[in-house]
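> return atomic coordinates for the entry below.
(one chain, ligands or ions: 3)
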Amino acid sequence: MAIYTKNRDYSYHHVEVETGYSLLYSRTDDNCLILNPVATALWKGSADTLDADRVIAEFAAVFDTPNAAEYMGGVIEKMFRAGVLGRPDGQAQAPQQRTPTAAGKTTSSYPLNTVNLYITSECNSRCYHCYQPTSVVDRSSSGPIPLIAADHVSHPFLLAFLQQALALGLKEIKITGGEPLLRNDVENIITGARALGLKVCIETNGYFITERLASVLAQEAQLIAISLDGASAAVHDRLRGCPGSFDRAIHAMQMLSSRGANVQAIMSVSRLNLGEIEPAVMKAAESGCKSFKINIIVTLGRAERLQNSSVLLDMPQMLDVSRTTGTWESRHHIDVFFDGPPCFASLRDAFENGVGACCFTNLLGVLPNGGISYCGIGNSCPELVFGNILDEGFSLARLWETSVPLQLARRTLANKLDGICSQCVLESSCKGSCRAFAYSHSGSLKNGHPWCEQAFQEKLFPTHLLIPDSAHRHVESNQTNNQPM
Ligand code: SF4
Ligand code: SF4
Ligand code: SF4
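Ligands and ions are numbered 1, 2, ... in the order given. Sure thing, here's the model as predicted:
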């Protein structure tokens, strides 16, 4: 008989009534776990001990499916491995396995999982919200795609870099820009990366996607994200300063989805298109997109001038958008995500989609001229560029192990962050979400996320995510959070 005991260090339990997901927090370990509805019911329904054989048998009897018993066994095993269940019968409790973003706390090795390739700084659009310091090229016609700019790294160097990164654990790349499809060697980059066994995601405005390129992308890329800032040409083209871009983006989505590609629409939202979100979700669903990501404008790059501008959403508007994603999702049968810190997402989205998580210590950005930075932040903050793949004798392995900025980031994120993040139960897994945004606001990787700080100051931060003080430990909460977020 397999008896497990509940680890009572996990004494704070909050259930999200709308989704059935819940979070468990241990003040002792300063660690937080999100449980799916089955694990939630198991935790809530058990006293101090749990008889696994009985639980599995009862579950299998209720859910009369071939793998019900196996599924419930897996849930219990995962909870044991996560350290929230222990064994009183001589077996030591499993060491805790923290979420990937908290890996810095528990291991000294940092696999380089992801490389973001910013392959060009040029773009045919003039989006008012662009978070990169892009330069505009006039490509309003469907003419030949231009050669790459003289100071941009050519694909053999990029592929040689990716080859080096394989040894450090590289699994996937994101190709972005500027507008990556302006480069005439983008197919070489994609097929070269695929030949190395890498997962390829690409972000594009879709303008240059032809039938032939759609076939290549559908075949080779695991995710193609296409910008969609409104449900009509009148809105989309005006915000993007690019006539014809709406029709081309929609046509690109249709060409790709008809070939079975995984297409995502990305919308950058401000007060200028707030009312367009649901119509755009509908348009994306009709055009075959599988998911819809909502970005709130961040005032980086060319969008820096928007700081304190009246076009930015205020906090109640942001929260309203983040809370309505589920409604849009169920009405239009497409996954809808709000791209922001996980406290802006439901526990379900944080659990299933990793919303808001950034594996900051497990990625690198390669800038158009070969510069290396944490990610695209190096395009706006030159002080955060700490190498170049074109440097003579460049060794990625050496840079990854010895670079002072990388060590600083690892040290910073291995410890508790400051500000609101230091009071948030999600800190151990979230690690402050977008560190580039925090840096651009405060000049420090350690400070709280600006939106979370703002929500806290405006008393809109969800109280169930604040670390309970000692007087409130051992609270079992299953009440709907009455706070506005
Ligand atoms: S947001 Fe994208 S499409 Fe728009 S200007 Fe910037 S790089 Fe170009
Ligand atoms: S307060 Fe910090 S740790 Fe908590 S969700 Fe926001 S960014 Fe993440
Ligand atoms: S720090 Fe921010 S901008 Fe950089 S990769 Fe993470 S989420 Fe993206």
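> how about residue 282: what's its closest non-neighbour residue?
Nearest residue to residue 282 in three dimensions, chain neighbours excluded: residue 332, at 5.2 Å (CB to CB, 6 or more residues apart in numbering). (C-beta placed from N, C-alpha, C; glycine too.)
> that neighbour and residue 283 touch, don't they?
No. Applying CB atoms under 8 Å, one finds residue 332 not in contact with residue 283, separated by 9.4 Å.
> looking only at neighbour counts, state which of these two leads.
residue 283 (23 against 18; other CB atoms under 10 Å).
> quick one: that one is in a helix?
Yes. With DSSP: H, G, I helix; E, B strand; the rest coil as the criterion, residue 283 is located in a helix.
> tally of neighbours for the nearest residue to it once chain neighbours are set aside?
The shortest distance from residue 283 to any non-neighbouring residue, by CB to CB, 6+ apart, is to residue 231 (4.7 Å). Residue 231 has 23 neighbours, counted by other CB under 10 Å.
> repeat for residue 54
Neighbours around residue 54, by other CB under 10 Å: 12.
> what separation do you get for it and residue 45?
12 Å (CB to CB, to the nearest Å).
> try residue 369
58 Å.
> more crowded one of the two?
Under the neighbour definition other CB under 10 Å, residue 369 and residue 45 were set side by side, and residue 369 has more, 17 against 9.
> for the nearest residue to that one once chain neighbours are set aside, give its distance to residue 375.
Spatial nearest neighbour of residue 369, chain neighbours left out: residue 151 (5.0 Å); criterion: CB to CB, 6+ apart. Residue 151 is 20 Å from residue 375, where distance means CB to CB.
> compare these two and say which one has the larger neighbour count.
residue 375 (22 against 9).
> residues in contact with the more buried one?
116, 360, 363, 364, 365, 436 (CB atoms under 8 Å, 6 or more residues apart in numbering).
> assign a three-state SS to it, would you?
coil.
> so the nearest residue to residue 112 once chain neighbours are set aside is in which element?
Spatially, and ignoring its direct neighbours in sequence, residue 112 is nearest to residue 168 (4.0 Å; CB to CB, 6+ apart). In the assignment (DSSP states H and E), residue 168 maps to no helix and no strand.
> surely residue 168 is in contact with residue 114?
No. Applying CB under 8 Å as the test, residue 168 and residue 114 come out as separate, 11.0 Å apart.
> who's more crowded, the two?
Applying other CB under 10 Å to residue 168 and residue 114 shows that residue 114 carries more neighbours, namely 22 against 19.
> where's the more buried one relative to residue 87, distance?
From residue 114 to residue 87 the distance is 36 Å (CB to CB).
> and residue 304, by the same measure?
54 Å.
> leaving out the residues flanking it, which one is nearest to residue 366?
Spatial nearest neighbour of residue 366, excluding adjacent residues (CB to CB, 6+ apart): residue 117 at 5.2 Å.
> what is the neighbour count of the nearest residue to residue 233 once chain neighbours are set aside?
Excluding the flanking residues, the one nearest residue 233 by CB to CB, 6+ apart is residue 246, at 3.9 Å. Residue 246 has 25 neighbouring residues, counting by other CB under 10 Å.
> pretty sure residue 246 belongs to a strand, no?
No. Read with three-state DSSP, residue 246 is helix and lies in no strand.
> ok, it - contacts?
228, 230, 232, 233, 236, 237.
> ok, the third one - contacts?
This means residue 232. Residue 232 neighbours (CB under 8 Å, 6+ apart): 246, 276, 279.
> could these go into a markdown table alongside distance to ligand 2?
Below are these laid out as a markdown table (distance: CB to the nearest ligand atom, whole Å):
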| residue | distance to ligand 2 |
| --- | --- |
| 246 | 33 |
| 276 | 27 |
| 279 | 30 |
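> burial count for the nearest residue to residue 461 once chain neighbours are set aside?
Leaving aside its chain neighbours, residue 461 sits nearest to residue 455 (4.4 Å; criterion: CB to CB, 6+ apart). The number of residues packed near residue 455 is 24, by other CB under 10 Å.
> does residue 455 belong to a helix or a strand, and which?
Going by DSSP H and E, residue 455 is in helix 450-457.
> right, and the helix or strand after the longest helix along the chain?
Among all segments of the chain classified by DSSP state H, the helix with the greatest residue count is helix 315-332. Remark: after helix 315-332, the chain's next helix or strand is strand 335-339, criterion DSSP H and E.
> and whatever helix or strand comes next after that next one, what other elements does it pack with?
Next helix or strand after strand 335-339 toward the C-terminus (DSSP H and E): helix 347-353. Contact partners of helix 347-353 among helices and strands, from 3 or more CB pairs under 8 Å, 6 or more residues apart in numbering; DSSP states H and E: strand 31-35, strand 335-339.
> can you tell me which residues in the stretch 1-150 of the chain are near ligand 1?
Neighbours of ligand 1 within the stretch 1-150 of the chain, by CB under 6 Å from any ligand atom: 123, 125, 126, 127, 130, 132, 134.
> now do 5 Å
Proximity of the stretch 1-150 of the chain to ligand 1, by CB under 5 Å from any ligand atom, involves residues 123, 125, 127, 130, 134.
> so what's the residue count around the last one?
Yep, that's residue 134 we're talking about. Neighbour number of residue 134 under other CB under 10 Å is 23.
> I'd assumed residue 118 was in contact with it.
No. In this structure, residue 134 is not within contact of residue 118 by CB under 8 Å, at 10.0 Å.
> report the set of residues contacting both of the two.
In contact with both residue 134 and residue 118: 177, 178, using CB under 8 Å, 6+ apart.
> any low-confidence regions in the protein?
Where the chain drops to pLDDT under 70, the residues are 1, 89-108, 138-148, 354-356, 470-485.
> residues from it in reach of ligand 2?
Neighbours of ligand 2 within the chain, by CB under 5 Å from any ligand atom: 341-343, 420-421, 424, 426-427, 430, 432-433, 449, 452.
> okay, these in TSV with neighbour count and distance to residue 394 next?
Formatted as TSV, the residues of the chain next to ligand 2 follow (neighbours: other CB atoms under 10 Å; distance: CB to CB, whole Å):
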residue	neighbour count	distance to residue 394
341	29	34
342	23	36
343	26	39
420	25	39
421	24	34
424	25	38
426	25	37
427	21	35
430	26	33
432	29	30
433	27	31
449	27	33
452	27	37
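> as TSV, those with distance to ligand 1 would be great.
Shown next, in TSV, are these (distance: CB to the nearest ligand atom, whole Å):
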residue	distance to ligand 1
341	21
342	24
343	26
420	28
421	28
424	30
426	29
427	30
430	26
432	24
433	20
449	22
452	24
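> quick revisit: was I right about the residue nearest to residue 283 contacting residue 275?
No. In this structure, residue 231 is not within contact of residue 275 by CB under 8 Å, at 9.6 Å.
> how about residue 456: what's its closest non-neighbour residue?
Counting by CB to CB, 6+ apart, the residue nearest residue 456 is residue 420, at 4.5 Å.
> can you classify the residue nearest to residue 33 when sequence neighbours are not counted by secondary structure?
Of all residues not flanking residue 33 in the chain, residue 24 sits nearest, at 4.9 Å (CB to CB, 6+ apart). What three-state DSSP gives for residue 24 is strand.
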